[in-house]
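Undergrad: Got a sequence here, can you build the structure:
(one chain, ligands or ions: 1)
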Amino acid sequence: MRLHHVGVAVDDMDRAIEMYQDLFGAELVYRAASESEGLEAAFLRAGPSEIELLHPTREDSAVGKFIAKRGPGLHHLAYAVGDIDGALAEARAAGLQLIDETPRQGLHGTRIAFIHPKSVGGVLTELVEA
Ligand code: CMX
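TA: Numbers count the residues shown, from 1 in each chain. Next up is the predicted model:
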């Protein structure tokens, strides 16, 4: 297991990208948007891991609700797994509450699945097949 990326909810995408570039020397590698998730995302390389900046395009989206409730800040941790079907089966067998019962296509073109924060000590957790 290795940390794949850290998801951070932001209220101003362009300002957040600038901040990570200027303060930490992170490199913008990819930007994407999802109409169905009401989300735009920017991936910045930070050493061997990435930071995923998340900005809601709709108030009723997952990130929109998160920002309304908690404000901008840390949103999720994502771990790289070689076999996401196997990892999900193990998570299910361990009694974790799966948000995605089966893997789905993530914004980065990889297969992903989320595990509910209530099962992981309050941390929304994502598995990424990578
Ligand atoms: N981290 C920790 N806790 C969170 C959370 C987060 N990111 N988002 C919500 N919660 C908590 C809330 O604080 C709330 O806790 P309490 O019951 O103690 O108040 C509880 O979860 C329920 O929150 P809610 O606002 O009612 O939201 P929902 O139950 O409707 O949804 C969740 C919560 C996690 C199931 C939903 O956000 C989800 O399905 N997330 C996965 C998808 C996602 O986050 N997509 C955006 C990123 C996409 C990507 O990176 O590709």
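Undergrad: Identify all contacting residues around stretch 82-94.
TA: 81, 98, 100-103, 111-113, 115, 127-129 (C-beta atoms under 8 Å, 6 or more residues apart in numbering). C-beta here means a position set from N, CA and C on the backbone, and glycine is covered the same way.
Undergrad: From Ala78, how far off is Ala32?
TA: Relative to Ala78, Ala32 is positioned 15 Å away (criterion: C-beta to C-beta, to the nearest Å).
Undergrad: Which parts of this protein are helices?
TA: 13-24, 62-70, 84-93 (DSSP state H).
Undergrad: can I get the ones you listed in TSV with distance to Leu54?
TA: Converted to TSV, these look like this (distance: least, C-beta to C-beta, whole Å):
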stretch	distance to Leu54
helix 13-24	9
helix 62-70	5
helix 84-93	21
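Undergrad: how about those, which one is nearest Ala42?
TA: helix 13-24 (5.5 Å; C-beta to C-beta).
Undergrad: Quick one: list the elements packing against that closest one.
TA: Using 3 or more C-beta pairs under 8 Å, 6 or more residues apart in numbering; DSSP states H and E, the elements in contact with helix 13-24 are strand 27-34, strand 39-46, strand 49-56.
Undergrad: need those strands in JSON lines with mean pLDDT and mean neighbour count, can you?
TA: Below are the helices and strands packed on helix 13-24 laid out as JSON lines (pLDDT from 0 to 100; neighbours: other C-beta atoms under 10 Å):
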{"stretch": "strand 27-34", "mean pLDDT": "96", "mean neighbour count": "13"}
{"stretch": "strand 39-46", "mean pLDDT": "96", "mean neighbour count": "19"}
{"stretch": "strand 49-56", "mean pLDDT": "97", "mean neighbour count": "22"}
